[in-house]
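In: Sharing a model that was predicted from the sequence below.
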Amino acid sequence: MTHSTSELRSFRLPDVGEGLPEAEILQWLVAVGDTVGVNQPLCEVETAKAAVELPSPFAGTVVELLVEAGTVVDVGAPIITIDVGGGEAAPAGVEPSAGLIGGAAPGGRTAVLVGYGPRTTEARRRPRRSPGRSTDLPRVDHGSGEVPRQPPPPDEGPPLLATAPDMRSKPVRHGGLEVGRQAEAAALRGAAAPAQEAPPGRRGPRPLAKPPVRKYAKDLGVDLATLSGSGPGGCITRADVDAALADRSAPAPAAPAAGGAREQRIPITGVRRHTAAAMVASAFTAPHVTEFLTVDVTRTMKLRSRLAARPELAGATVGPLLLVAKAVLLAVRRHPMVNSSWDEAAQEIVVKDYVNLGIAAATPRGLVVPNVKDADRLALPELAVALEKLTETARAGRTAPADMTGGTITITNVGVFGVDTGTPILNPGESAILALGAVRLMPWVHKGKVRPRQVVQLALSFDHRIVDGELGSRFLADVGALLQDPGNALAY
Amino acid sequence: MSTETLTIARALNLGLRKAMEDDAKVVLMGEDIGRLGGVFRITDGLQKDFGEARVVDTPLAEAGIVGTAVGLAMRGYRPVCEIQFDGFVFPACNQIVTQVARMHARSKGRLPMPIVIRIPFGGGIGAVEHHSESPEAYFAHTAGLKVVAVSNPADAYWGIQQAIASPDPIVFLEPKRRYWEKADVDLDAIPGPLFASRVVRGGDDVTVLAYGPMVKTALQAAEAAAGEGRSLEVFDLRSVSPLDLDPVMASVRRTGRCVVVHEAPTSLGLGAEIAARITESCFHSLEAPVLRVGGYDTPYPPSRLEEEYLPDLDRVLDAVDRAMEF
C-alpha cells in the first residue's frame, strides 16, 4: 500500500507494565519534523515500576508532540502524531489497541489491560453444509463443534530441553517400561485387536425406544420386545406402540372361527352399506319430527272394490297403497312446501313443482326406494300401473339407478308386514315421508256407536328445518281426510 | 425508585461500594485493587473512599490472600478477595479446599466463613495463558463452597451484595468478556434469591441451560433459532452450586430436550452433572439425551485460536439440531 498524501496516526500511551493506569513522560527522544522508523525509541516514560523507552509502531514523520515532558499521562491517551503518508504503515496488529479500559478498540473489540479485548459478535448463524445430518446416534464429540479432525502436523523441532527425551519419534524406556508416543500407539493398536471373547450374556440387545415411549408402552402393557420399530435405526415409536395396541384390541381375523358357532358375520356391502350411509346422513342432518294419525278408512276400502271393477283399472292392483299415494299427491298440491328440499350449500329451500313419488320397497337385497317420476301428472290408472311396475322391478332387483334418484316425497308401506306404523327416516334430500300401517278391523266410534271399522295408522316424518308442526299437521290431516272420505277429493 | 444503565463492571463496583457502606466489617483484598482499582476497574475508587485498611493491595500471593481472609472471617470480618484472573486461583486452592470450605463443618458450625472469592473467569478477551480459565467445576465439586456465576448487570449489582451478606463461603464468578455489557439495573429491587435459576427466554422445543458468559451466547442462539422456526427456552442457571434445577426439570418435561452450554471443558464439567440429574428426574420425558456444548478437552488455547475453542451460537445450534433429530 502506498501513500501519496499525508496520513496521520496518533500513538496512544500503552500500558507498559501490567495493569498500570498512567505513566510520566520523562523526555522526548524525537522532535517535530524528525523522520522515525518502526521500533525507533520515541520517548522515555516512567511508570511505578520502571523507566522504559517507548518504541514507535509507525514509520514516518513526527507531526506533533501532544504532551510535554514531565507530564503524567493516562494509559490510552494520545501522545504523539506521526505522518505515515510518505512511508509504510506498521503491519496490522502492531498498532497498540490500548484505548481506555472498557472503551472501543480496533477490530470491534473492547479495550482491556490484558489481551486484545472481547469482540462484539453478531447473533447470526454461519451457513451449514447440509440442512439434514444423518440420524445416527450422536457422535461422541465433547466439543460438539465442527472442528476438522485431522492429526496435527508432526512437530519437527528438537525437544525444548536437551534433557527431555524425544518421546515423539523414538522409543523411550523408563526403568523397565517402554514409554513415549510410539509405545502408546502400539498399545492402542494392540487394544484394537479383539480381546478375550466375552462370555455370552443371557439377554439379547434391548429393543430401541426413547424413554417416553418405554414409559408409554409399559403403562399400556405393551412388551417392546414384541414390536419392530419403524423409527430411525429401527427405533420403536409411539405410533408403533399404538399400532400394536390397536391390533390387540381389534379381534384378529381368525377370531370369528372361535365364536363362529353362535355369531354370523356379514360383510357390509352394496344396498346395506348404501342404506346405512343414507340413513345416518339423513338422521344426523335433518331434524326429524314424526306425527301420527289414526283414520277410519272403511269408505276408502269400499271405494277400492268399486274402482277395481272399472274398465280403466282392469288388471291393475287397486290396493291401499294406490289410494294413499293418490291422497298424498292431492295433499301435496295443497301444501307444496312438504315437497321440497334443503340446499345447505346454496342456503336455499328448493320447492319442487313436480312430484317424484318414492315408494320404499323391501327386496331380497334390502330396502330400495325407487320413485315414480312426475306422479302428480298421472291419472289413477297410470299411477296404478306405474306403482305396480315399480315394485315388480324392485323385487326383481333390477331397479335402474336413475329410478332411485331424484325423489321428492316418499311413502313406506310397513302395513304389508302387519304392523300398525313406525317412525320413518327421511329419504335424503326430501322433506317428508309417510308411513302406512296395516289396515285393521277395529272397534271404532262411528256415528255415535262403537262399530267394527277398517282403521289405519299413518305416521308422517318431516324435516323440521323446512316443515313446521302446523304445516306437517295440516298435510297429514288432509291425507287422513281424503282416506276417511274419498269424496273430499272433489274439493281438492 | 432509581434505575440506571450500568455495565457489569460498574454494577459490581457500585454493589461493592454499597456492601462496604452497609457493613464496616466488609474488607476487600487483592492484587492492584487499591490504587489501580483492579485490572478491570471493578474496585475503582473504593480505596480512595474507604481507605487502605479496607481496600488492601496485597502481594502477588493468592494463597496468602485467601489464607488471610480465613483469619479475618474467624474474627468476624467479611473479606472479599479478588483473584485477578481465573488462572491465578490455583495457588489459593489449598486454602480454599482445605480451610475455607471446611471450617464451618470442622468447627461444628461455630466458625462460619463469610468469604467471597471474586474471580473474573472465562475467555474471549484475547488474553495470554492463565487468563481465560473456567475453573467452576473444581469448586462446585468441593462440598462446603457455593459457586455463583453472574451474567448481567442487575445480578452483578445485587448478587455481589447477596454473596457478601451470605454466611457461607462463595466463589463469585464474573464473566470477564461481558464486563462491558450494559443493561438497566433497578437499584431498589432485588431481582430474586442468589441461588436460583431463572428463565431468560421462554420456548417450547429445547431447553438450553447456560451461566455466566454463555447466557448471552445462548440467547443469541435462541434468536437465530427463532428465525429457523425453533423456539428455545433459555435458562440462566446463576448458581452453579447449589444447582437450582427444579424449574429446569419442569421445562424439560415440557420440551423433552435439553442442551447445556458452558465454556469449561466438557468432560466432567457442570454439563455432566446436570445431564445426570435431568436424566434421573426426567427420564421418561426425554425425547433426546441431554447434550453438552462446552470447551474442548485441551488446555485453553492461545488467543488466536480461542474463537475456535469457545462455544458459540453455531455450536449451540448444532447441538439443538442434534437434539431435534432424535
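Out: Ah, there it is. Because the structure is a prediction, the values reported are computed rather than measured.
In: what residues are up against the one residue in the stretch 151-300 of chain A that gets nearest to chain B?
Out: Using Cβ to the nearest Cβ, the single residue of the stretch 151-300 of chain A nearest to chain B is A:Lys215, 3.8 Å away. For every residue, glycine as well, the C-beta is placed using N, CA and C. Applying Cβ atoms under 8 Å, 6 or more residues apart in numbering or on different chains to A:Lys215 gives the contacts B:His284.
In: Just the buried residues of the host helix or strand of it, please?
Out: Here A:Lys215 sits within helix A:211-220, counting by DSSP states H and E. Within helix A:211-220, the residues scored as buried using 16 or more other Cβ atoms under 10 Å in any protein chain shown are A:211-214, A:216-217.
In: Please apply the same query to stretch B:288-307.
Out: B:288-296, B:300-301, B:303, B:306.
In: I'd like the list of the residues you listed that fall within strands, please.
Out: B:291-295 (DSSP state E).
In: what about B:Glu233, which SS state?
Out: Put simply, B:Glu233 is strand when judged by DSSP: H, G, I helix; E, B strand; the rest coil.
In: so it touches B:Thr207, yeah?
Out: Yes. Counting by Cβ atoms under 8 Å, B:Glu233 does reach B:Thr207; the two are 4.9 Å apart.
In: Compare these two (neighbour count), which wins?
Out: Remark: of B:Glu233 and B:Thr207, B:Thr207 carries more neighbours, 29 against 23, as counted by other Cβ atoms under 10 Å in any protein chain shown.
In: angle of the helix or strand containing the more buried one against strand B:291-295?
Out: Using DSSP H and E, B:Thr207 sits in strand B:206-210. Interaxial angle of strand B:206-210 relative to strand B:291-295 (axes from the mean of the first three to the mean of the last three Cα atoms, to 10 degrees): 30 degrees.
In: could you point out which element follows strand B:206-210?
Out: Next element after strand B:206-210 (DSSP H and E): helix B:214-227.
In: Now do that following helix, average pLDDT.
Out: Averaging pLDDT along helix B:214-227 gives 96.
In: still on that earlier bit, next, report how far the helix holding A:Lys215 is displaced from the centre of its chain.
Out: 23 Å (Cα atoms, centre = their mean, to the nearest Å).
In: Could you give the number of residues near residue 221?
Out: Just so you know, I chose chain A. 8.
In: I was thinking of chain B, sorry if that wasn't clear
Out: For B:Ala221, the neighbour count with other Cβ under 10 Å is 32.
In: wait, it sits on B:Val206?
Out: No. Using Cβ under 8 Å, B:Ala221 is not in contact with B:Val206, being 9.8 Å away.
In: Quickly list what's touching both of the two.
Out: B:232, B:320.
In: show me where pLDDT drops low in chain B?
Out: Scanning chain B for pLDDT under 70 picks out B:1.
In: How about the contacts made by the closest residue to B:His131 other than its chain neighbours?
Out: Spatial nearest neighbour of B:His131, chain neighbours left out: B:Phe85 (4.6 Å); criterion: Cβ to Cβ, 6 or more residues apart in numbering or on different chains. By Cβ under 8 Å, 6+ apart, the contact list for B:Phe85 reads A:114, B:39, B:119-120, B:127, B:130-131, B:133, B:176.
In: how deep is A:Thr163 tucked in, by neighbour count?
Out: 6.
In: cool, the one 4 residues further on as well?
Out: When neighbours are defined as other Cβ under 10 Å, A:Met167 has 15 of them.
In: Assess the claim that it and A:Arg181 are in contact.
Out: Yes. At 5.4 Å, A:Met167 counts as touching A:Arg181 under the criterion of Cβ under 8 Å.
In: sorry, back to before: I'd like the distance between the residue of the stretch 151-300 of chain A closest to chain B and B:Phe283.
Out: 8 Å (Cβ to Cβ, to the nearest Å).
In: now do B:Ser239
Out: 24 Å.
In: Then A:Glu470?
Out: From A:Glu470 over to B:Phe283 (counting by Cβ to Cβ), the distance is 68 Å.
In: Compare neighbour counts for these two and give me the winner.
Out: B:Phe283 (12 against 8).
In: Could you pull out the helices in the chain for me?
Out: The chain I'm using is chain A. For chain A, applying DSSP state H gives helices covering A:181-192, A:211-220, A:238-249, A:255-259, A:270-285, A:298-308, A:320-334, A:380-395, A:469-484.
In: Sorry, I should have been clearer: chain B.
Out: Taking DSSP H as the criterion, chain B carries its helices at B:8-22, B:46-50, B:62-74, B:93-95, B:103-106, B:136-140, B:153-165, B:214-227, B:246-255, B:270-282, B:306-309, B:313-325.
In: Deepest in the core, which of those is it.
Out: helix B:153-165 (a mean of 24; mean count of other Cβ atoms under 10 Å in any protein chain shown).
In: can you tell me if that helix touches chain A.
Out: No. Helix B:153-165 lies out of reach of chain A by Cβ under 8 Å from any Cβ of the partner chain, never closer than 13.0 Å.
In: by how many degrees do that helix and helix B:214-227 diverge?
Out: Using the same axes, to 10 degrees, helix B:153-165 lies at 150 degrees relative to helix B:214-227.
In: gap between helix B:153-165 and the chain center?
Out: Mean C-alpha position of helix B:153-165 versus that of the full chain (Cα atoms, centre = their mean) differs by 11 Å.
In: was I right about A:Ser56 contacting A:Cys43?
Out: No. The criterion here is Cβ under 8 Å, and A:Ser56 misses it with A:Cys43 at 9.5 Å.
In: Mutual contacts of those two, please.
Out: A:Val30.
In: Any figure for the gap between B:Ala9 and chain A?
Out: 6 Å (Cβ to the nearest Cβ, to the nearest Å).
In: Can I get stretch A:453-468 in CSV? Just the C-alpha atoms.
Out: Provided in CSV are the C-alpha atoms of stretch A:453-468 (Å, rounded to 0.1, in the frame of the first residue of the first chain):
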residue,chain,number,x,y,z
ARG,A,453,-114.4,-50.3,11.2
GLN,A,454,-111.4,-50.6,9.0
VAL,A,455,-108.8,-48.4,10.6
VAL,A,456,-105.2,-47.5,9.6
GLN,A,457,-102.4,-45.6,11.3
LEU,A,458,-100.4,-43.0,9.4
ALA,A,459,-97.1,-41.6,10.5
LEU,A,460,-95.6,-38.6,8.9
SER,A,461,-91.9,-37.7,9.5
PHE,A,462,-90.8,-34.3,8.2
ASP,A,463,-87.7,-32.2,8.1
HIS,A,464,-88.3,-29.6,10.8
ARG,A,465,-85.9,-27.2,9.1
ILE,A,466,-88.5,-26.8,6.3
VAL,A,467,-91.8,-28.0,7.7
ASP,A,468,-93.2,-26.6,10.8
